[in-house]
Each structure stands twice: as C-alpha cells, then as structure tokens.
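Q: model this:
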Amino acid sequence: MKFTTLYLISLLLSFAACAQNKGTITAGMDRVKLEFNLDDAGRPVYAVYFDQKAVIKPSRLGIKLVDQPNFDEHFILTGTDRKTVDEQWTPVWGEVNHIRNHYEQVTIHLKQQGKLARMLDITFRVFADGAGFRYEFPHQSNVNYFIVADELTEFSLTGDHKTFWIPGDYDSNEYAYTTSPISQVDAFKMYNASTDIAIRFVPDQYAVQTPLMMKTADGLYINIHEAALVNYTSMQLHVDRSNYKLTAALVPDAYGNKAYLHAPCHTPWRTIIVSDKATDILASKMILNLNEPSKIANTSWIKPMKFVGVWWEMQTNKSTWSYALRSDSVSADGKLLPSGKHGANNANVKRYIDFAAKNGIPGVLVEGWNVGWEDWFGNWKENVFDFVTPYPDFDVKMLTDYATAKGVHIIMHNETSGSATNYERQMDTAFRFMKKYGYTSVKTGYVGRIIPRGEHHDGAWMVNHYVRVAQKAADYQIMLDAHEPVRPTGLQRTYPNWMACEAGRGNEYNAFSDGNKPEHETIMPFTRLMGGPMDYTPGLFKIKGYSDVPGRQIHTTLTKQLALYITMYSPLQMAADMPENYEKHMDAFQFIKDVPVDWDDTKVIEAEPGEYITIARKQKNAGNWYLGAITNQNARKTTIDLGFLDKGKKYTATIYADADNADWKNNPEAYVIKQIEVTAETKLNLQLAPGGGTAISIKVEK
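A: Numbers count the residues shown, from 1 in each chain. Next up, the predicted model:
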C-alpha cells in the first residue's frame, strides 16, 4: 500500500512537471515574437519570429559549470514575471537627442529537479526590432560562488544565410570582412591570410566574431551580438556549417575558465536584432537600451570633439614614435641618442597645434611623447612605459601652455603594449599627471600580447580591466578612447566618458598593409559599430603617394573620406591626415571643419551591407543637417528625398562630390564642390564614383 501511494504521488508529480514543461510562454512587440518552453528533458528552448516567419528556430539555452552540475536540463517551470516598459531617456551625447526604450519583458523562473533544487531565471526582453535575453542566478543556498565553463546558448538559423564575418579571434578584431554563406565560414583561411595583424589567435576553424551580420534569402536582416559585457568574458559564435546553427563560444582565461560569478548575478545580454529593412538595423538602439543608465552623476565635463594628431606621419614612416633608433643607441653617459625622426618633438607638435587653432579643431593627439618606444613591442615585456616621463624634445608644460593659449587641448596617449598589469599599477599616477597638465581626454592602446600572461584581449580579465580604466578616467573627469580592446557592447551609456573604441580594422591598415577594400566601410556600421562608436580615423586626403610601397593606396575617393564622418559615427572624430595634405585641399577640408560630432537626430535613408549607406544627421542644438553617402567598388546613382528638413525653411546645401572622372583606383582625389538652395521638397540626384562618396552640409539660411 505504501509503495502504491508513493508511486501515485511520483506519477502525479511527473504529470505536473510534464504539464509545466509543455506550456509555451510568449512575448512580443510589433512584428517580433519570442517563444519559450521546456522540452521533454526539461531543457530550456527559445525561438524568435518576425512577421510570423522564423528568425531563430527552437534553440537550446543553458550554462555549463566547472566542478558542479550544469544548468542545462531537468528544469521545471515555477513561475513567470511579466511587464511592459515604455520610457524615454536622454543620452549625454550620441546620434539622437532622446531614445525610446519600449519592450515587453518576461522572466522565466526555473528549478532543477533533484536534491539540489537549484534555481535559474532567464529574462527575455522583446523590442520592435529584436530581442535580448540573459541568464540570472538568484540568491539561493545551493548556488554561491561558481565558475562558468561554457554556455550552451544556441542560435539555430533557418538557412544558409549570406553572412558578413571575421574570424573568432581571442586577441584581434582587426580583420577584413568576408562575405559568404554561413556554410562557407573558414576562420583558419582568413587567419592564415591576415599576416598584417601582429597579434592574433584563432583556435576554432569555424568560429566567428560578433556583431555578426546576416541576410536571409527572403530578405530578412539579422544581427547577433551582446550587450552590457561586464564581469564576464566576450561571446564568439561557433558555426555548425551543415545545420546552420551558431553556438556561443566564450573566450577562456589562462585556466580555460570563462567567468567567476557569485550569486545573485547575471550574464551579459545576448542580442538578436531583426528587420526586413537594412536601415532598421543601423537605426536600432536596442543594445544601448539593454545597458544600465549612466553611473556618472555629473556629465557636464564630457564634450564630444574633433582632433588632429601626430599619428599618420608615424604610420607612414615619415616620423617615428621612438626618440632613438634602438634602446641601446646611447651616448657615453647613457643618454639616448636622437635619431632625428622623432615625431613628438616641440616644433612639430606646435605645428599641429597651430593648424588646429587656425581651423577650429579643439584637440591635438600626440603619440610617442613618453620614453619607452625603442623596445615597446614584441618582447612581452611588463614594465615598458611609466606614462609620465617625456622624451627630451617634448616639453609638457610649454606645449600645454602653448595649446591652451590657442584654445586647443592636447590629447594624452597611454600605450600599454598589452601590459595591463603595469597600467593598473600606474593609473592613478597617469591620471594625476593628465589633470596637472590640463589633459581632458586620453587614447589608450593595447598593442601586443596581454600581461597577465595567458590572458587575452577579449577575455574576462581584460573585459573588467577596460571597465576599470573607464571608471578611473571618470574619477578624474577624463574622456576615453580605447584602442585594441574588446569590441563595444553599449557600455557608453553606463560610462559616457568612454566615448570611442577602435576594436576593428580602421583606416590605419591603409598605411602598413594592402588596406581596406572599397566595401569595407559599407560593412562596418552593420558589424563593429553596432556595439558603439569607432575611432576609425577618417579624413585621409592624400590617397596615393603617401607610402614607399609601390602601388599602395587608400581604397576610397577623397569625398568618401568626408562622407565617413557621417556614416562612421564617433563623438571623438579625428582628422587623420597631416596638415600639409589638408592645406592642398582647404576647400574640401571645410566639410571637416564644419561637420559636428554630436547630433539631435539621425535618419538612415538607405543602406545595404557590403554595398551602400546614406545617412543624414541633424546638428545638436541647431537646424543644420549633414549627409553622407558611400558606395562599394561599384559606381552608384541615387536620388535622396530631403523630406526630413523643416518644411517652409530654405537651406544652402554645399555638396562635396566625386568628379565625373573620379575613381578610387585611378583618379581618387578628383572632386567638385557646388552650392544650391534646397527645401524639404527637394530631391537630390547623387552620383558616386567606384569606391566613392558624397558629403553634404545643409545649413539653414539666415
């Protein structure tokens, strides 16, 4: 009798669990719908739909742990919480002056069967342009400190989508993009061909980096990335080429672990942005919305700005970062012997300050000002730079006073050579130095293998390091531009002083490699820039003849370089070329002088990844608009409706266009400038040369 009673209770519990597991939970917003359920093994499964069309087929969720049972199966549903949020917030700076945060959220409460009875929550937020989800570990007696071994997160695709991808590299995001079906992803092939990237590590032949951009055969655009990456490692994606399935592939630390967590806690958000319009992908603010509001109470000191710099001349070997030829080039008394090619010398820096002041450019970046550059790279050396000791020909106080008198700020440069430990020990010293001499912003760099040894640029230790630097910079009211970090995930909302990053293949590759193909800048906004602004260093005017390497040139026209100031957004925008190259084209340079770096509104007018992009932006606190249109290697004709202008107002449009005979390869510096009167009823006919672009300033007539 006792056995029968226990059997019946067990059977009833089993039926109850099965009933709970079979229920489908949904959340939706406009045309996007998400479904969640537990399969017969109690494994979490989700799917995403757009207009009732599958975007992500049923895909598993779960977390693997080190030396503990996994959070992956034998779950029962214990409840759900649901809410809808519709609010607006104002960014400190950005592409628009306000952002709508509108979503339906459902939190799934799960409990694992068995004696541990561990709990796991999965929170989904569904927006009009996609969905985000994360794992949450509530406070519980059976889960305290734990180590993440891996994620089981899947993105099961509906077909062999056209994909814009770079290899899943633990240390570099600076690859050229490959466009191929998902079934043809081969990271090793790209890794072996990318010898222009000094530090790279790709252990998985079928892994790709996020943000990953895809287009389906029936015209859906899908972007997969992550948001709010803190206290966790970055996510890459392993590609199952036969089944068109992506699985989260987390970057390990020196011990092979992925994250060290302490409940209550949560992972970053996994994001899926989807639309039948490519323009909606570029306009999405979902990743920003999934980040926390600003942790900086007083943001009045954060000022977007343009700058020039002693940089491109070093990239093109006109001058050097180092003061001496080698570290052992010393005199009898042990002092470095000058090579005569050091770029960051007093006279040269003054030249850049003078050019900036004359043309209303607020900042001058100076690289190579501090001792240590003679043996800074390639030796995995921990103590390279001290961040406060200048070379003999760089007078910090004199140059600061000189710049201040002309209304210009010098931008600090802190290259770490990958030694994050050395930088962390000296951050306070470095930032006190900046405050003493009036530096308002810093460009950091992480060229080289990472120290702590065994860690990677995109691993959890470095993820937290980049955040610590942003926090320390905020303590000293310093704006930050990080180079060679993990790719951004929207943390500029939480730390608005963290204004730009590199974390991608920038214009500099035109100096020391075969460069960037004409399609490159039409892909980057759909990939790297989805997570945040990029310091792409646009504005190169000398398209040919800047290099000693025969045939080397930039793969754009001059006016495309102008258009990049609109299509490649950053609140810190560099006019990257040298003053003497601008002085030959001051009529074209006028656009760089005029174009703002902070905006009230943005209209993505037309776009197709790998082909073309046209964007218009409205100047912050002004009625002026600026438009940038770019194309790939193909010439393009397009008609732009200016209906976004205020009705009833007249504007003067200054159009910087490719000349009729312009071509990125054969005649890249040929351009024409004309002015016309326009209104909201105007339709502009634009003709873009192969590899070309058009930049337009549209100013309200007084």
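
Q: Show me where the chain dips below the pLDDT cut-off.
A: Within the chain, the stretches with pLDDT under 70 are 1-22.

Q: at 90 what do you get?
A: Within the chain, the ranges that satisfy pLDDT under 90 run 1-23, 114-116, 141-142, 702.

Q: ok, residue 470 to residue 574 distance?
A: Remark: distance between residue 470 and residue 574 (CB to CB, to the nearest Å) = 20 Å. Heads up, the C-betas are built off the backbone N, CA and C, glycines and all.

Q: same check, this time on residue 187
A: 31 Å.

Q: same deal with residue 175?
A: 22 Å.

Q: same check, this time on residue 480
A: 15 Å.

Q: So which of these two has more stuff around it?
A: Under the neighbour definition other CB atoms under 10 Å, residue 480 and residue 574 were set side by side, and residue 574 has more, 28 against 25.

Q: Thought residue 365 was touching that one, still the case?
A: Yes - between residue 574 and residue 365 there is a contact under CB atoms under 8 Å: 7.0 Å.

Q: Which residues are in contact with each of those two?
A: Residues touching both residue 574 and residue 365 by CB atoms under 8 Å, 6 or more residues apart in numbering: 307, 308, 309, 311.

Q: As CSV, these with neighbour count and secondary structure would be great.
A: Converted to CSV, the shared contacts of residue 574 and residue 365 look like this (neighbours: other CB atoms under 10 Å; DSSP: H, G, I helix; E, B strand; the rest coil):
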residue, neighbour count, secondary structure
307, 25, strand
308, 27, strand
309, 27, strand
311, 26, coil
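
Q: Return the closest of those residues with respect to residue 151.
A: Nearest to residue 151, judged by CB to CB, of those is residue 311 at 38.7 Å.

Q: Chain neighbours aside, what residue packs nearest to that closest one?
A: residue 367 (5.5 Å; CB to CB, 6 or more residues apart in numbering).

Q: That neighbour and residue 430, how far apart?
A: Taken as CB to CB, the span from residue 367 to residue 430 is 15 Å.

Q: Kindly report the same for residue 84.
A: Look at residue 84 and residue 430: by CB to CB, they are 46 Å apart.

Q: Same drill for the two, tell me which one is more crowded.
A: The neighbour comparison of residue 84 against residue 430 (other CB under 10 Å) goes to residue 430, with 25 against 12.

Q: which residues touch that one?
A: 387, 388, 412, 414, 423.

Q: what about the nearest residue to residue 440 once chain neighbours are set aside, how many residues close to it?
A: The shortest distance from residue 440 to any non-neighbouring residue, by CB to CB, 6+ apart, is to residue 409 (5.1 Å). By other CB under 10 Å, 22 other residues sit near residue 409.

Q: Does residue 409 touch residue 442 like I think?
A: No - between residue 409 and residue 442 there is no contact under CB under 8 Å: 11.2 Å.

Q: rewinding a little: give me the beta-bridge partners of the residue nearest to residue 440?
A: residue 363 (DSSP bridges).

Q: Please apply the same query to the one 10 residues further on.
A: When assigned by DSSP bridges, residue 419 has beta-bridge partners residue 451.

Q: where's residue 214, which helix or strand?
A: Element membership of residue 214 [criterion: DSSP states H and E] is strand 212-215.

Q: tell me what the helix or strand just after that strand is packed against?
A: Using DSSP H and E, the helix or strand that follows strand 212-215 in sequence is strand 221-227. Counting contacts by 3 or more CB pairs under 8 Å, 6 or more residues apart in numbering; DSSP states H and E, strand 221-227 packs against strand 212-215, strand 269-275, helix 278-283, helix 286-289.

Q: so which of the ones you listed comes closest to residue 89?
A: helix 286-289 (8.4 Å).

Q: Quick one: the helices in the stretch 501-650 of the chain, in order.
A: 509-512, 520-523, 558-567, 579-582, 586-594 (DSSP state H, counting those that start in this stretch).

Q: Which of the ones you listed has the highest mean neighbour count?
A: helix 558-567 (a mean of 28; mean count of other CB atoms under 10 Å).

Q: okay, the angle between that helix and helix 586-594?
A: Helix 558-567 and helix 586-594 are oriented at 10 degrees to each other (axes from the mean of the first three to the mean of the last three CA atoms, to 10 degrees).

Q: where along the stretch 301-450 of the chain do the helices fall?
A: Using DSSP H, counting those that start in this stretch, helices in the stretch 301-450 of the chain cover 312-315, 346-358, 396-405, 420-436.

Q: Which stretch among those is buried most, on average?
A: Taking mean count of other CB under 10 Å, helix 312-315 is the most buried of the helices of the stretch 301-450 of the chain, at a mean of 22.

Q: Give me the contact list for that one.
A: So helix 312-315 is contacted by 319-321, 343, 367-368, 508, 511-512, 537, 540, 576-578 (CB under 8 Å, 6+ apart).

Q: Could you verify my assumption that residue 105 touches residue 80?
A: No - counting by CB under 8 Å, residue 105 stays clear of residue 80, with 10.3 Å between them.

Q: residues contacting the closest residue to residue 427 other than its chain neighbours?
A: Spatial nearest neighbour of residue 427, excluding adjacent residues (CB to CB, 6+ apart): residue 472 at 5.0 Å. By CB under 8 Å, 6+ apart, the contact list for residue 472 reads 427, 428, 431.

Q: What's the separation between the first one and residue 560?
A: What it means is residue 427. According to CB to CB, residue 427 stands 38 Å off from residue 560.

Q: and if you look at residue 261?
A: As for residue 261, its distance to residue 560 is 46 Å (criterion: CB to CB).

Q: again, but for residue 474
A: 35 Å.

Q: How about residue 405?
A: 36 Å.

Q: Could you tell me which other helices and strands the one helix or strand residue 35 maps to packs against?
A: Applying DSSP H and E as the criterion places residue 35 in strand 32-38. If contacts are counted by 3+ CB pairs under 8 Å, 6+ apart, strand 32-38 sits against helix 2-22, strand 25-29, strand 44-50, strand 75-89, strand 99-112, strand 119-127, strand 130-137.

Q: could you give the angle of it to strand 44-50?
A: 160 degrees.

Q: so what strands line up beside strand 32-38?
A: With DSSP bridges as the test, strand 32-38 is paired with strand 25-29 (antiparallel), strand 44-50 (antiparallel).

Q: Out of those strands, indicate the one that is most buried.
A: strand 44-50 (a mean of 21).

Q: just the angle between it and strand 99-112, please?
A: Going by the same axes, to 10 degrees, strand 44-50 makes 150 degrees with strand 99-112.

Q: which one of the contacts of residue 430 is nearest residue 528?
A: Nearest to residue 528 among these, with distances taken as CB to CB, is residue 414, at 22.5 Å.

Q: which residues touch the closest one?
A: Residues in contact with residue 414 (CB under 8 Å, 6+ apart) are 385, 387, 423, 430, 442, 443, 444, 445.

Q: Would you mind confirming that the last one is in contact with residue 412?
A: Same thing as residue 445. No - Residue 445 is beyond contact range of residue 412, at 11.4 Å (criterion: CB under 8 Å).

Q: higher neighbour count, these two?
A: residue 412 (24 against 20).

Q: got a list of what residue 52 touches?
A: Counting by CB under 8 Å, 6+ apart, residue 52 touches residue 33.

Q: now with 6 Å?
A: By CB atoms under 6 Å, 6 or more residues apart in numbering, the contact list for residue 52 is empty.

Q: Over to it: give its phi and psi.
A: Per-residue torsions, residue 52: phi 70, psi 10 (degrees, to the nearest 10).

Q: Within its sheet, name the partner strands of the strand holding residue 214 and how each one runs.
A: Going by DSSP bridges, the partners of strand 212-215 are strand 162-165 (antiparallel), strand 221-227 (antiparallel).

Q: Between those strands, which one is closest to residue 59.
A: strand 221-227 (11.4 Å).

Q: Figure out how far that closest one is from the centre of its chain.
A: 12 Å (CA atoms, centre = their mean, to the nearest Å).

Q: helix or strand right after that strand?
A: Next along from strand 221-227, by DSSP H and E: strand 235-240.
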